[in-house]
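# any chance you can model this:
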Amino acid sequence: MKQRNRTTFQPNRKLLSCALASCLAMAAPHVMAQSTSATLRGVVAQDATVTVTNVDTGLTRTSKAANGSYNIGGLPPGTYRIEVNAGGQTSSRAVTLAVGQTATLNLQEAPPVSAPTGDATTLDTIRVTAPILVETKTSEVATYVSQKQIDSLPQNSRNFLAFADTVPGMQFVTTGNGNESQLKSGAQGSSQINVFIDGVGQKNYVTPGGITGQDDSRGNPFPQLAIGEYKVITSNYKAEYDQISSAAVTAVTRSGTNDFTGSFIWDRFTDDWRKATPGEEAAGQKSPETTEQYGIAFGGPIIRDRLHFFVTYEAKDFIVPELIARPNNTAHVAIPANILAEYGTTSRPFDQDVYFGKLSFQASDAHLIEFSARVREEVGILGVGGVNANSTATALTNDEKRYDLRSLYSAGSWMNDAHITFEESAYNPRPVISAPITRYTARNVADDGDITLLNTGGGATFQDKGQKGWGLQNDFTFYGWENHTLKMGVKYKDVELTAFQNSPPNPRYIYDVVENIDQPYRIEYSTARVGRDPFIVSDNQQFGLYIQDDWEVSDKLTLNLGLRWDYEDMGAYKDYVLDPAIASALRGWGNIQNTDYEVEDYISSGSNRKSDKNNFAPRLGFSYDLFSDQRHVIFGGAGRSYDRNLFDYMAREFYGGAFTTYTINFPDSNHPCDPSATCIPFDPALMTPEGLAAFAAANPTAGGEVNLIKNDLVTPYSDQFSLGMRNIVNVWGHDWNTSVTLAHIRSKEGIYFRLGNRYADGSFRDPAFPDATWGRQPWGQAIPGYGSLILGQNGIETKLNSLLLSVDKPYTEASPWGVTIAYTYSDATELRTNSSEGETYVFDYPDVGNEFYTSTGVAKHRLVTTGIFGLPWDITVSTKLTLATPIPRQAVNCLDVNIVGNCFFDPYEIDETLGYKQFDIALQKVWNTGSDISFKVRADLLNAFNWRNWTDYNDDRGNPNAGPNANFGRRSGNGIYWPTRTFKLSFGFDW
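Numbering: from 1, shown residues only. Sure thing, here's the model as predicted:
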C-alpha cells in the first residue's frame with residue numbers, strides 16, 4: 001500500500017505595505033472574528049448605566065440598560081472593574097472574563113463587597129479578588145485552558161497546544177521522539193482541526209496537520225509567551241467557525257498594558273539528564289541530545305490608556321537523538337562489517353525562531369485598532385534513524401509569515417469586528433546530499449520477501465509546497481433586539497497554492513548483501529515526463545457567510561440558532577484539462593467499458609467541473625438553566641460543519657505520473673526475472689547518470705501512472721450531536737465545575753484514492769480464480785501505453801460515540817490550588833483503517849466499501865488529570881497524569897484467506913490494560929526582590945516513573961502456508977513513545 005504524500009512550497013516573501021494602511025482606512029466600523037472577545041450581559045435596574053473598565057489597559061465600555069438588561073461585547077479577556085450607576089447610587093465590583101466567553105452577571109443588587117477603585121497597588125487587589133466568571137449557559141462542548149495552566153503545568157515542548165489534551169476528547173500527539181506534534185480530536189485526523197488566533201483561522205490549505213507549519217515539524221506554531229489563554233470546542237461550535245470538521249481552538253494573544261512588563265525564559269536538558277531508551281541500552285550508549293528553549297517578551301504603554309505594544313521572541317535549538325539499528329528479523333543474515341559499522345547512536349539538528357509583535361490603539365472608548373505580525377523560521381533535519389544512515393538526511397525548511405490588521409468598534413447596541421490578513425507559509429523538504437541512494441537488503445526467510453538493512457546516499461524526497469495570499473473578514477453583532485444577540489459575518493480569501501514533489505529525486509541502487517554486495521540486482525530511477533508539468537500553482541478563492549442568533553427565551557432557556565454557507569473555487573481542479581491522448585486511451589480501453597465505475601466521470605474537459613455550492617451548515621443548540629442560577633445547566637446541540645479538501649491531494653492529478661519511473665532488474669538466484677527490456681544482464685554503464693539517460697532514451701514510454709479526480713468532488717463535513725449537563729458544586733467551601741456530555745460525530749466525504757485498473761472482463765479480482773471475491777488485484781492491467789489508473793473521489797467516513805467527563809476546581813490567588821480531571825470514552829470506527837492517521841489510499845478493494853473498522857486513531861479510554869498547588873515561600877508544584885488504553889493497531893490479515901496473498905484490513909488491540917501512561921511533575925520557586933523584578937527557577941521531571949510505552953509489536957497473524965504466527969500481538973522491538981524519564985531545568989525573570 002502506498003504511503004501518503006507529503007507537501008512543500010517556498011512562497012515569495014513580499015511584505016504588505018500601503019495595502020494594509022489603505023484597507024484600515026476603509027474599515028470604518030470595527031471587525032470581530034471567531035469569538036476571542038468576551039461578552040458580559042445580565043439583569044440590571046431599569047435606569048442603570050453599566051461601565052466596565054479593563055484594569056490593565058484602561059479600555060472602557062458603557063451600556064445603558066434596556067428593559068432591565070444590559071449587554072456589552074468586544075471585551076478582550078482580562079480583569080474588569082464594573083461600575084453600576086442607578087438612581088444616583090454607584091456600586092462597583094470586579095470580574096475576570098475568559099477568551100470568547102459569554103458571561104452572565106446580574107447587577108440588579110449591590111455586590112456583597114464593593115471592589116476597590118483607583119490605581120497602583122489597588123489594581124493588584126482587584127486582580128486577586130476578581131472572581132473568574134464561569135460560562136455554563138452555552139450549547140458548545142467547550143473547555144477553557146487558562147494562562148495559569150499554560151504557565152505552571154509540566155511540559156516539554158513549549159507548544160501551547162500541548163495543554164489541549166487536558167480537555168476531554170482531545171489528544172496532543174507527538175510521533176517518534178518528537179518528530180511531529182499535532183492536535184487531534186475524536187476519530188478524525190489532525191487535518192480536520194482549526195486554530196483561531198485573535199479570531200483568524202490558521203488553516204493549512206495544502207499539507208496535513210490542520211494548521212500551517214505542523215506537518216513533519218516538532219516546532220511551535222506560536223510563541224507560548226504571546227498566548228494569553230484559549231478555549232477548546234470539541235463539537236457544536238457556533239456558525240462563525242469555518243473550515244473545520246473536528247475541534248476548534250480559539251486563542252487570544254497578549255497585549256501591552258499601562259505598565260511596562262517583561263519576561264525572560266530559558267530551559268535546557270541534555271542526554272545526561274534523561275534515562276536511556278531501550279534501543280540505547282541495547283547499543284550500549286546514549287544518542288547525543290541537547291534541548292534548549294529560550295524566549296523574551298516585553299510590553300507596555302506608548303501612550304497611556306491609548307496605545308500599547310507587545311513583542312516576543314522564542315527559539316528552539318535542538319540536537320535530536322536518533323538510533324540507526326539493525327532490523328529485528330535479520331538474525332539469519334551475515335551482515336557485512338561496513339554496514340554493521342553504520343548502526344549505532346546518532347543525532348540531528350533542529351532550529352526554530354518565532355517572532356510576534358502587536359500594537360493596540362484605543363482610538364476612542366468605542367474603537368480599538370490592533371496590528372499584529374508573526375514570523376516563523378525553521379529548519380530541521382529528517383530522514384535519519386531506523387535503517388537510514390546520516391547521509392540520507394532531508395532538510396525541512398518550514399517558514400511562515402502572518403499579518404493581521406484588526407478594527408473593533410462598539411457602539412451601544414452593535415459591534416463590528418474586521419480583519420485584513422496576509423499569510424505566507426512554506427514546506428520544503430530537500431536532500432542534504434544530492435546523490436544516488438544505496439539500499440542494502442537481504443531475503444526474509446519467513447515470507448521470501450526483501451528486508452531493508454540500510455539506506456545510504458542521498459535524501460529520499462524533494463518537495464516544494466505552500467500557500468500565500470490575503471483575506472478580509474467582517475463580523476457584525478447587534479444587541480438591540482430584546483433578548484436576542486444577532487451576529488452575522490462575511491469572509492473572503494484569495495490565496496495562491498503551490499505543490500511539487502519528486503520522491504525519490506535521485507536513482508536508487510538496490511543490493512542483496514548475501515548474493516553480491518558489489519553489484520545491484522535492481523536500479524530504480526525517475527525522469528521527467530515530456531508534456532507533464534510536475535509543478536502546480538493554483539489560485540484559490542474562498543467565500544463564507546453566516547448568521548446566528550443567541551436567543552434568551554427566558555431566564556432558563558437559551559437557544560443558539562445559526563446557519564453558515566461556504567464556497568471555494570480552486571482553479572487547478574475546476575479548470576483542469578486532461579491530456580487528449582490520455583483521454584483517448586481511457587475511452588478506448590476495453591477493460592473499463594463494462595465495470596463498476598464510469599470513466600467519463602473522471603475525464604475533465606476544463607468546463608465540466610463545478611465548485612461545490614451546497615455547503616449549507618445549520619447549527620442549533622440550547623441550554624436550560626434548571627434553577628436560573630447558572631449552577632445546573634442542561635445543554636445540547638446538533639449541527640453540520642464543512643472542512644475542505646487538501647490541495648496536496650488535489651494536485652496528484654498533476655504530479656502523479658509526471659515522472660517516469662524506470663525499474664531495471666539484473667537477475668540473480670534470489671531475484672529471478674524473465675528476459676525483457678527491463679530484465680537484462682548487469683551493465684556497469686548503468687551506474688552512471690549518462691548510462692541511465694541512455695537507457696531511458698532507448699526505452700521511451702508513452703506515459704506513466706495516471707491520477708484522476710472525480711468531476712463532482714464535494715467538500716468533507718461532519719454532523720455533530722451532543723447532550724450534556726454542567727454543574728457548579730460547592731465542596732469544602734470551594735466551587736467545582738463539572739460537565740458530562742454524550743456526543744456523536746460522523747464525518748463524511750473524505751477524499752481517497754483507489755485503483756482504477758480492471759481485468760479484461762471489467763472485474764477487480766482475477767477471474768481465473770473460482771472465488772471472484774478474493775482474486776488478485778489488477779495491478780498488471782494498466783492503461784494501454786500508460787501506467788496504472790488511480791482514481792480520487794469522496795467516500796472516507798468516521799463514526800464516533802463518546803462520553804466526555806470533566807471536573808475542574810480553578811486555581812485562584814484567593815484559593816491557590818487547582819485540579820482538573822478529564823475522562824473520555826470513545827467508540828470509534830472508520831471506513832478505511834488508518835484514515836484517522838492520514839491514510840488516503842484504498843488499493844485492496846475496488847472502492848472504500850461500506851464496512852467500518854475499529855479506528856486506529858483513538859484509545860477507547862483516556863484519563864488526564866492535572867494539579868497546581870501554591871505552597872509557602874512562593875513555591876508552586878504542578879502535576880499531570882495521563883493514562884490510556886491501547887490504541888488499536890492497523891494490521892492486515894493474511895491468514896484467514898482462501899488465496900495466498902489476498903490479505904484484508906483487520907485492526908486489533910494489544911492485550912494490555914494500558915497502552916500509554918505518563919506522570920509529570922514540576923516545581924517552581926519565585927524570588928521577589930522587593931522591586932519590580934522577580935526571579936524564578938523551575939524543575940520539570942517528565943515521565944517521573946520512567947514508564948515505557950512500547951510502539952513495536954508483531955502485527956503479522958501468519959499465512960495459510962506457515963499457519964498462525966505465535967508471536968502475533970507481542971512486542972517485537974525496542975521502540976517507545978518518548979520521553980524517557982527526563983529532568984529539565986528552567987530559569988527566568990519577570991519585571
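# please identify the helix or strand for N338.
helix 337-340 (DSSP states H and E).
# list the buried residues of that helix.
Using 16 or more other CB atoms under 10 Å as the test for burial, helix 337-340 gives I339. Where you see a C-beta, it was placed from the backbone N, CA and C, and this is true even at glycine.
# can you list contacts of that helix?
Residues from elsewhere that reach helix 337-340 (CB atoms under 8 Å, 6 or more residues apart in numbering): R326, Y440, L453, L454, V513.
# I'd like the average pLDDT over it.
Averaging pLDDT along helix 337-340 gives 94.
# CA atoms only: put stretch 551-563 into PDB for me.
The C-alpha coordinates for stretch 551-563 follow below in PDB (Å, rounded to 0.1, in the frame of the first residue of the first chain):
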ATOM      1  CA  TRP A 551     -32.000  34.000  21.900                       C
ATOM      2  CA  GLU A 552     -32.700  34.200  25.600                       C
ATOM      3  CA  VAL A 553     -36.200  32.800  25.600                       C
ATOM      4  CA  SER A 554     -36.500  33.000  29.300                       C
ATOM      5  CA  ASP A 555     -34.200  33.200  32.400                       C
ATOM      6  CA  LYS A 556     -33.800  29.500  32.000                       C
ATOM      7  CA  LEU A 557     -33.800  28.700  28.300                       C
ATOM      8  CA  THR A 558     -31.400  30.000  25.700                       C
ATOM      9  CA  LEU A 559     -31.400  28.900  22.100                       C
ATOM     10  CA  ASN A 560     -28.500  29.200  19.700                       C
ATOM     11  CA  LEU A 561     -29.600  29.200  16.100                       C
ATOM     12  CA  GLY A 562     -27.200  29.600  13.200                       C
ATOM     13  CA  LEU A 563     -26.600  28.900   9.500                       C
END
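# so what does the helix or strand hosting D569 touch, helix or strand wise?
Assigned by DSSP H and E, D569 belongs to strand 557-570. Using 3 or more CB pairs under 8 Å, 6 or more residues apart in numbering; DSSP states H and E, the elements in contact with strand 557-570 are strand 536-552, strand 615-625, strand 632-642.
# what's the first helix or strand after that strand?
Defined by DSSP H and E, the subsequent element after strand 557-570 is helix 571-574.
# may I see the buried residues of that following helix?
The neighbour-count check on helix 571-574 (16+ other CB under 10 Å) flags A572, Y573, K574 as buried.
# tally of neighbours for the residue nearest to V44 when sequence neighbours are not counted?
Spatial nearest neighbour of V44, excluding adjacent residues (CB to CB, 6 or more residues apart in numbering): L107 at 4.4 Å. Counted with other CB atoms under 10 Å, residues neighbouring L107 total 22.
# ok, now H332?
So H332, with other CB under 10 Å, has 12 neighbours.
# repeat that for I933.
Neighbourhood size, I933 [other CB under 10 Å]: 12.
# phi, psi of it?
phi -110, psi 130 (degrees, to the nearest 10).
# give the contact list for it.
Per CB under 8 Å, 6+ apart, neighbours of I933: F989, D990, W991.
# isn't the last one right up against G262?
Yes - using CB atoms under 8 Å as the test, W991 is close enough to G262 to be in contact (5.2 Å).
# which of those two has more neighbours?
The residue with more neighbours, out of W991 and G262, is G262; 18 against 15, by other CB under 10 Å.
# which helix or strand contains that one?
For G262, the element it lies in under DSSP H and E is strand 261-270.
# what mean pLDDT does the strand or helix carrying K917 get?
Assessed by DSSP H and E, K917 sits inside strand 916-928. If you average the pLDDT over strand 916-928, you get 96.
# parallel or antiparallel, list what pairs with that strand.
Next to strand 916-928 in the sheet, as set by DSSP bridges, lie strand 875-884 (antiparallel), strand 934-942 (antiparallel).
# grab the CA positions of stretch 405-417 and hand them over as CSV.
Output in CSV follows, covering the C-alpha atoms of stretch 405-417 (Å, rounded to 0.1, in the frame of the first residue of the first chain):
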residue,chain,number,x,y,z
LEU,A,405,-4.9,44.3,10.9
ARG,A,406,-8.0,44.4,13.1
SER,A,407,-10.6,47.1,13.9
LEU,A,408,-13.1,46.5,16.7
TYR,A,409,-15.8,49.1,17.1
SER,A,410,-18.5,49.0,19.7
ALA,A,411,-21.5,51.5,19.7
GLY,A,412,-24.1,50.8,22.2
SER,A,413,-26.4,48.3,20.5
TRP,A,414,-24.0,47.0,18.0
MET,A,415,-20.4,46.0,17.4
ASN,A,416,-18.3,45.4,14.3
ASP,A,417,-15.1,43.4,14.1
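# any idea of the mean pLDDT for that stretch?
91.
# how close does Q149 get to A297?
18 Å (CB to CB, to the nearest Å).
# again but with N959, I slipped
According to CB to CB, N959 stands 59 Å off from A297.
# how about the contacts of I933 in a markdown table, adding distance to Q202?
Shown next, in a markdown table, are the contacts of I933 (distance: CB to CB, whole Å):
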| residue | distance to Q202 |
| --- | --- |
| F989 | 31 |
| D990 | 28 |
| W991 | 31 |
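# just the closest of these to T96, please.
D990 (19.7 Å; CB to CB).
# now do the contacts for that closest one.
D990 neighbours (CB under 8 Å, 6+ apart): T261, G262, S263, F264, I933, S934, K936.
# pLDDT score assigned to it?
Per the predicted model, pLDDT is 94 at D990.
# can you report phi and psi for it?
phi -120, psi 150.
# so what's it bridging to?
Per DSSP bridges, the residues bridged to D990 are S263, S934.
# and it, how close does it get to S91?
Going from D990 to S91 by CB to CB gives 34 Å.
# show me what contacts the closest residue to T290 other than its chain neighbours?
Of all residues not flanking T290 in the chain, I319 sits nearest, at 4.3 Å (CB to CB, 6+ apart). Each residue near I319 by CB under 8 Å, 6+ apart is listed here: P288, E289, T290, T291, S347, R348, P349.
# what segments of the stretch 151-300 of the chain are helices?
Along the stretch 151-300 of the chain, the segments classed as helices by DSSP state H, counting those that start in this stretch run 278-283.
# where along this protein do the helices fall?
18-26, 121-129, 147-152, 278-283, 337-340, 571-574, 580-587, 647-650, 652-655, 689-698 (DSSP state H).
# confidence score at V44?
84.
# neighbours of it, just the number please.
For V44, the neighbour count with other CB under 10 Å is 23.
# I figured it hits L105, correct?
No - the criterion here is CB under 8 Å, and V44 misses it with L105 at 9.3 Å.
# any weak-confidence spans in the protein?
For the chain, applying pLDDT under 70 flags the ranges 1-35, 109-130, 176-178, 445-448, 702, 770-775, 899-901.
# picking that back up, make a ChimeraX selection of the buried ones in the contacts of D990.
Here is the ChimeraX selection string for the buried members of the contacts of D990, based on 16+ other CB under 10 Å:
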select :261,262,263,264,934,936
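# what ranges do the strands span in the stretch 601-750 of the chain?
Assigned by DSSP state E, counting those that start in this stretch, the strands in the stretch 601-750 of the chain fall at 615-625, 632-642, 659-665, 706-709, 717-731, 734-755.
# any chance of those in CSV, plus mean neighbour count and distance to N954?
Below are these laid out as CSV (neighbours: other CB atoms under 10 Å; distance: least, CB to CB, whole Å):
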stretch, mean neighbour count, distance to N954
strand 615-625, 20, 44
strand 632-642, 22, 40
strand 659-665, 19, 30
strand 706-709, 24, 34
strand 717-731, 18, 35
strand 734-755, 20, 28
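# who wins for proximity to A585 among the ones you listed?
It is, among these and with distance given as CB to CB, strand 706-709, at 8.5 Å.
# okay, now the residue lying closest to Y977 once chain neighbours are set aside: neighbour count?
Spatial nearest neighbour of Y977, chain neighbours left out: N949 (4.1 Å); criterion: CB to CB, 6+ apart. Residues lying near N949 (other CB under 10 Å) number 17.
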